[in-house]
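In: Quick one: sequence plus predicted model below, questions after.
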There are 2 protein chains.
Amino acid sequence: GEKELQDEITRIAREIDIRILGPNCIGVYNPSQKLDTLFLPSERLKRPKKGNVAVVSQSGAILSCLLGAIRAANIGVSRAIHYGNAADIDESDIYEYLAHNEDTEVVISYMESVGDGRKFIDRARLLSGKKPLLILKSGKGLRGQAAAYSHTGRLAGRYEVFHSILKQFKIKEAVDFDELVDAAKAISYQKSSKGHRVLIITDGGGSGVLAADECMKQGLEVAGVPEGSLKKLRPRFPSFCVLNNPLDLTAHARDEDYLVALHELKDDYDGFVIVALTGVTGITAKLAELVKDFKRSVSKPMVFHIAYEGLSRKLTTLLERARIPVYPSPERAVRGLKALLD
Amino acid sequence: GEKELQDEITRIAREIDIRILGPNCIGVYNPSQKLDTLFLPSERLKRPKKGNVAVVSQSGAILSCLLGAIRAANIGVSRAIHYGNAADIDESDIYEYLAHNEDTEVVISYMESVGDGRKFIDRARLLSGKKPLLILKSGKGLRGQAAAYSHTGRLAGRYEVFHSILKQFKIKEAVDFDELVDAAKAISYQKSSKGHRVLIITDGGGSGVLAADECMKQGLEVAGVPEGSLKKLRPRFPSFCVLNNPLDLTAHARDEDYLVALHELKDDYDGFVIVALTGVTGITAKLAELVKDFKRSVSKPMVFHIAYEGLSRKLTTLLERARIPVYPSPERAVRGLKALLD
C-alpha cells in the first residue's frame, strides 16, 4: 500500500507543480542559506563547515556517515542532499542543479541504483563536464543488490554495466567509502591536472617503497630522475641520500631539503607525493610555510603523508590551511593524488 | 666501503659470540622490561601501551609509523623490533624468538626483502603455527624494489614468488599499511575461528549494502537468514525492519534489537558485523554493555562499525574495553572480521 500512496502523492504534486525530495529521506543541509532539515540532532551529528563539496546520497545513513567523515577529514560542504526513494527528484535532477550551483566546485555521490538510465548518463556527463564528479556505487554483489532493493525500492541492476558506462564517459568512481572521502579531500583542495608521472620525496625509506608500490597499483608512473636534473641535485645532498624516485632524504632530512628537490624536479613530474615523518628532528612546522610558497608557484597536484606522531597535528593543520591534503598512510596519499591526475 | 665494514663487524661479533641487531636500525622497544632504544624522542613519537602484539619491521620509518598508528588504533604492543640491514639477526631469528615469547600473542611484520629464503619459510611456519602472523611485504613493483634495495641493501626478489609461498603455507598477508593495522587490531582483540558465513546487522540501510559488497570482495558469504530463525524473529520486530542479511533495523533501531537478533541467529553464522550509527537516538552507550554480555557467551568473532558522530567516541571506548574492535567504515569493519576468519 505504501508504494501506491507514494505514487498518489507524486501525481498530485506534479499536477500542482510542487517538487518532492524523498520520501524515506532526511532532507538537505545548505550552510550558505543556513537551511538544515536533517532530523539527526546536531549533538548526534556535528555538521561540517561550509565549503565547496556537494554530497549527494541515496541513503540517509551514508549521508550522515559522509558528513561525519568529511568533517573529520577537514573538508567543507556546499550542499548535502539525501533523495531516498526518489519518487520525484532523483540523482539526475540533483546533478543538473549542482552543475549550475556556484557554491559547488566538486560533487560526490553515493548511489545504490539508477532510476532513468539515459537521463542519468546525460546529467552525469553534463555535471562532470563542468566540475569533478565522483561516484560510489554500492549493491555490487547479489546480497548487496537485494539489500539495496529492500532499502529504497529500486533495482540496483548489474554493476558491470554501470561501471562500463562511467568508464566510457570518464566519470570517476571510488571503490569504497574510505576512498570516496580521501579522494573528495584531494579534489576539494586542489585542481585536477593531466599526466601520470609522480615524484615521491620521503624521509623514510619504507614509506617511499609503499608509496611506489601503490603508484604502480594505481597506474601512476614513478619515473626515474632525468640525468640532467640528477647532476644538479648531487652536489646539494649528502652522499647517503638516495637521489632516485622515490627520493629518500633519510632520517637526516631537513625542511629545506624537500624544497631543493621540488624546485629542481618540478618540471620533470606531473604530481608529487611528499612523505614527511615528523619523528625525525629535522622536520619542523616551517616545512608547511616553505611548501605553501612552492605550491603558489607550481600548479601541479601535491599530497602529503604524515604519520600519527608528535608534530603531525600542527604540521597537518598548517598544510591543509594551504590546501595541501594530508593522509595518514603512504597508500592513501597516493590514492588522493590519483584522484587529481587524469 | 660500508658493506665491508659491516661484514667485518659481523665476523668479529660471531667470533666472540655477540649477536647484532641492525645496523641501519633504531632498535627495540620492550614495555615489559621498560627497554626503549628507539632514538625518536617520545614527544616526537608517543609509545603505544603494553599489549599482546609484536611489531617487527625491516624499516625504521615503518616501525615508527606502525607504532603511531597502533597507538591511535588502541592496540597494545609486546615488542617492537627494527632489524634494518640484518647483518646478523634477521626476520627469521626474530620469528623464532617471538614464537616462544609469552608476552606476544600476535605478530605483525613489515618486510621489503627476504634474507635466507628457506630459513624464512621454516621460521614463519613455526611462528604462524603457534600464533597469528601477519605480513606486509613491500617492494612489489620494479620501482619499489629498487628503492628497497638502496634502502636496506637486500634484493626484494619477485613478489609473485613470495606471495605464492605465503599462500601455500597459509601465512596471512596484508595488502597495505592501513589493512595491516586494521587486521592487527582484530587479531589482537579476539581469537580467530573457522568459517566464512557472516551476519550483518545494521541501523543504516546503505551501510549494510556497503558491508555486503565488501564481504563478497573478501570471499565471505552473506548467507540468508534460515527459514526457521526468520519465523522466530518476525513477531519481535516492526514490519518495516528488513529481516534478511544484512538485517536492517532501520533508523528506529534500539539497543535491545541488536541483541534479540544476535541471540536468535548466533548459531547460524560464523562471524558478525554490527553497524551501529549513533546519529539515531535509539542507540545508547548501553549497547556496549549488552554486546559485552553476549560476547562472553559466544566465542565467535565480532566487529563493529561506528561512524564519526556524537556518541561514537564513548561507545567505541566501551566496546574496545570489551575487546570488540570498532572501525570507522563498513568496509574496514568487514576486512577486520576477515582477518579473524580462516
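Out: The structure has been received and is ready for your questions.

In: Chain B contacts on the stretch 151-300 of chain A?
Out: A:151-152, A:176-178, A:202-210, A:212-217, A:222, A:242, A:244-246, A:248, A:251, A:277-281 (C-beta under 8 Å from any C-beta of the partner chain). Glycine gets a C-beta too; all of them are placed from N, C-alpha and C.

In: Just the ones in helices from those, please.
Out: Judged by DSSP state H, those include A:151-152, A:177-178, A:205-210, A:212-217 as members of helices.

In: Now compare those and name the two farthest from each other.
Out: A:T152 and A:G205 (48.2 Å; C-beta to C-beta).

In: which of the two has more neighbours?
Out: Neighbours per residue (other C-beta atoms under 10 Å in any protein chain shown) separate A:T152 from A:G205, with A:G205 holding more: 28 against 25.

In: Just give the nearest non-adjacent residue to the more buried one, would you?
Out: Excluding the flanking residues, the one nearest A:G205 by C-beta to C-beta, 6 or more residues apart in numbering or on different chains is B:H151, at 3.5 Å.

In: Same question for A:P246.
Out: With C-beta to C-beta, 6+ apart as the criterion, A:P246 has its nearest non-adjacent residue at 3.2 Å, and that residue is A:G208.

In: residue contacts, the one you found?
Out: Going by C-beta atoms under 8 Å, 6 or more residues apart in numbering or on different chains, A:G208 touches A:200, A:202, A:246-248, A:275, A:330, B:147, B:151.

In: Model confidence at it, what's the number?
Out: A:G208 carries a pLDDT value of 97.

In: Ok, A:I121 next?
Out: 96.

In: Ok, A:L142 next?
Out: 83.

In: burial count for it?
Out: Using other C-beta under 10 Å, A:L142 has 12 neighbouring residues.

In: and the gap between it and A:I62?
Out: 20 Å (C-beta to C-beta, to the nearest Å).

In: A:R236 now?
Out: Counting by C-beta to C-beta, the gap from A:R236 to A:I62 is 49 Å.

In: didn't A:R44 look like it was pressed against B:L311?
Out: Yes: if you go by C-beta atoms under 8 Å, A:R44 and B:L311 touch, sitting 6.7 Å apart.

In: what do the two both touch?
Out: Listed as contacting both A:R44 and B:L311 by C-beta under 8 Å, 6+ apart are B:T278.

In: Okay, now the unreliable bits of the stretch 101-250 of chain A?
Out: Within the stretch 101-250 of chain A, the stretches with pLDDT under 70 are A:155-156.

In: tell me the helices in it, going along the chain?
Out: For the stretch 101-250 of chain A, the helices defined by DSSP state H, counting those that start in this stretch occupy A:117-130, A:142-152, A:159-168, A:177-189, A:205-217, A:227-233.

In: Could you identify which of those helices is most buried?
Out: helix A:205-217 (a mean of 29; mean count of other C-beta atoms under 10 Å in any protein chain shown).

In: how far is it from where the chain is centred?
Out: Chain-centre distance of helix A:205-217: 20 Å, with C-alpha atoms, centre = their mean, to the nearest Å.

In: So what angle separates the directions of it and helix B:142-152?
Out: Interaxial angle of helix A:205-217 relative to helix B:142-152 (axes from the mean of the first three to the mean of the last three C-alpha atoms, to 10 degrees): 170 degrees.

In: All set, thanks.
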